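S.K.: sharing a sequence plus its predicted fold:
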Amino acid sequence: MDSTNQYIQANKDRFLEELIELLKIPSVSADPAYDQEVAACAEVVKDAMEEAGVDHVEICPTAGHPIVYGEKIVDENLPTVLVYGHYDVQPADPLELWDSPPFDPVIKNEKIYARGAADDKGQMFMHVKAVEAMIATSALPCNVKFMIEGEEEVGSENLGIFVAENKEKLKADVILISDTSMLSNENPSITVGLRGLSYVEIELTGPNRDLHSGVYGGAVDNPINALSEMIAKMKDEHGHITVDGFYDDVEEVSKADREAMARAPFDIQSYKEHLGINATKVENGFSEMEGASIRPTLDVNGMWGGYTGEGAKTVLPSKAYAKISMRLVPNQDPEKITELFTEYVQKITPSTMSVKVTPHHGGQPAVTPTDSVAYQAASKAIETTYGKTPIPLRSGGSIPIVALFESELGLKSILLGFGLDSDAIHSPNESYGLFNFFKGIETIPHFFKNFAANS
């Protein structure tokens, strides 16, 4: 066992205690009511970096939530790794579905349960602790920079501005991100592709006010009924999205790549049992793994209108709303897809209604080459700590800033995630395995060592 790993093993309890304190902060970026807590969390991240031995740590204000930046320059002539992560978290609602309070971390079943445990505080914090271990044992083999933001969960609106204005400060050779998951602890994987995103909200308006459903029902169209019918038209019986032009630019994945994906272990029965479903629903001609990674999607994330309180209220609502996300694959442009979707919604809106489509955040898809020095460094690092060569897999999720980094900084990202699909990110009872947390801290120094040796 080398000195860095000895340091990690000796400080495991402290690392976990510090993560617990970080998870107690409700840094919910989407809700202005938590702005003070988000700012406080940035301060805690800054302090953690400084205590780890990172130099020149600063909190960089933006028009929204701040970015925490820090660097440790060993030698200007050595390669530089830029670590990206985020300290903001998703809202914890619905609170009644949590088995324990979301911001009162609980350890059970060898997991830590809290909002942000896996996405992304636990994974971001691994890098801080890994760098601490390398610095403490004089084993940091190259330069490292940190850029930890507080707006990832609301679309990273101000990150692009920060990146564009600080290209020299952010100059590096590769970007290292842990905000993804592995196939399993028994079969480690590295994410080599991400879907893009177009997120929109529909507001459908019928009468100018809520009406009595007995007096007006049967004569005046109901916006909730109408919106339900519109949404039903957005996919056909084969799971194919019906928005005009939606598939025009979709990348067709090669037969060889699809065969490689099919070799990854996948137990459909366990998959269904874990999710509590009787059957899956996949676009015709594609497997579950393909449907969740290399194919675009259209999903309703929320729908509401009318009366939803206790008891009965016989109302014919004035408005109905829906939030819809479309996951996109390489070559699909989110702005174009948003425009096509808006035109389609306007086309299928009944004459009894008026409609408004509001775009929210989006992002470009991204693909990482597996033959690069950085990917090979990550693959060998995982092989060292897990004892297995990781499987390269595309993810169904979106990290819009990956494409932003490539366009603005000219850098590819390595998505060295240690989460699992069972971590329930964005859901009640989010968790992160203690094994994964510590294994990540152990693996990251090997990436640095491999990358520095071969760059």
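M.R.: Nice, I can see it. Numbering: from 1, shown residues only.

S.K.: burial of residue 308, as a residue count?
M.R.: 7 (other C-beta atoms under 10 Å). Where C-beta positions appear, they are placed from N, C-alpha and C, glycine not excepted.

S.K.: what about it, which SS state?
M.R.: Under the three-state scheme (DSSP: H, G, I helix; E, B strand; the rest coil), residue 308 adopts coil.

S.K.: now do residue 344
M.R.: Taken by three-state DSSP, the conformation at residue 344 corresponds to helix.

S.K.: and the closest residue to it other than its chain neighbours, what pLDDT?
M.R.: Nearest residue to residue 344 in three dimensions, chain neighbours excluded: residue 243, at 4.5 Å (C-beta to C-beta, 6 or more residues apart in numbering). What the model reports as pLDDT for residue 243 is 98.

S.K.: how about the one 5 residues further on?
M.R.: Turning to residue 248, the model gives it a pLDDT of 97.

S.K.: equivalent analysis for residue 1, please.
M.R.: On the pLDDT scale, residue 1 gets 67.

S.K.: ok, the one 5 residues further on next?
M.R.: Here, the pLDDT recorded for residue 6 equals 97.

S.K.: can you check residue 78 too?
M.R.: Per-residue pLDDT puts residue 78 at 98.

S.K.: mind checking how far it is from residue 124?
M.R.: As defined by C-beta to C-beta, to the nearest Å, residue 78 lies at a distance of 23 Å from residue 124.

S.K.: more crowded one of those two?
M.R.: Taking neighbours as other C-beta under 10 Å, residue 78 and residue 124 compare with residue 124 leading, 27 against 15.

S.K.: and the residue nearest to residue 307 when sequence neighbours are not counted, what helix or strand is that in?
M.R.: Among residues not flanking residue 307 along the chain, residue 313 sits closest, at 4.0 Å (C-beta to C-beta, 6+ apart). Counting by DSSP states H and E, there is no helix or strand that carries residue 313.

S.K.: look up how far residue 212 lies from residue 313.
M.R.: For residue 313 relative to residue 212 (C-beta to C-beta), the value is 10 Å.

S.K.: strands of the stretch 151-300 of the chain, start to end?
M.R.: 174-177, 181-182, 189-194, 196-205, 211-212, 299-305 (DSSP state E, counting those that start in this stretch).

S.K.: oh, I was asking about the stretch 301-450 of the chain
M.R.: 315-316, 319-328, 354-363, 366-367, 391-394, 413-415, 419-420, 431-433.

S.K.: and the ones you listed: which comes nearest residue 97?
M.R.: Of all the strands of the stretch 301-450 of the chain, strand 431-433 sits nearest to residue 97, with 13.7 Å by C-beta to C-beta.

S.K.: the closest one - contacts with which helices or strands?
M.R.: When contacts are defined as 3 or more C-beta pairs under 8 Å, 6 or more residues apart in numbering; DSSP states H and E, strand 431-433 packs onto strand 111-113.

S.K.: which other helices and strands contact the strand it packs on?
M.R.: Judged by 3+ C-beta pairs under 8 Å, 6+ apart, strand 111-113 is in contact with helix 12-23, strand 106-108, strand 431-433, helix 434-454.

S.K.: if we use 6 Å, what do you get?
M.R.: strand 431-433 (3 or more C-beta pairs under 6 Å, 6 or more residues apart in numbering; DSSP states H and E).

S.K.: show me what the strand it packs on pairs with in its sheet, parallel or antiparallel.
M.R.: strand 111-113 (antiparallel) (DSSP bridges).

S.K.: show me how far the strand it pairs with is from its chain's centre.
M.R.: Strand 111-113 has its C-alpha centroid displaced from the chain centroid by 19 Å (C-alpha atoms, centre = their mean, to the nearest Å).

S.K.: distance check, the residue nearest to residue 220 when sequence neighbours are not counted against residue 313.
M.R.: Leaving aside its chain neighbours, residue 220 sits nearest to residue 207 (5.6 Å; criterion: C-beta to C-beta, 6+ apart). Distance, residue 207 to residue 313, using C-beta to C-beta: 16 Å.

S.K.: put the alpha carbons of the helix or strand of the chain with the lowest mean pLDDT into PDB.
M.R.: Here the helix or strand of the chain ranked lowest by mean pLDDT, DSSP states H and E is helix 255-262, holding a mean of 83. Extracted as PDB, the C-alpha positions of helix 255-262 are listed here (Å, rounded to 0.1, in the frame of the first residue of the first chain):
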ATOM      1  CA  LYS A 255     -23.800  -2.100 -35.500                       C
ATOM      2  CA  ALA A 256     -20.400  -2.700 -33.900                       C
ATOM      3  CA  ASP A 257     -21.100  -0.200 -31.100                       C
ATOM      4  CA  ARG A 258     -24.500  -1.600 -30.500                       C
ATOM      5  CA  GLU A 259     -23.100  -5.100 -30.200                       C
ATOM      6  CA  ALA A 260     -20.500  -3.800 -27.700                       C
ATOM      7  CA  MET A 261     -23.300  -2.300 -25.600                       C
ATOM      8  CA  ALA A 262     -25.100  -5.600 -25.700                       C
END
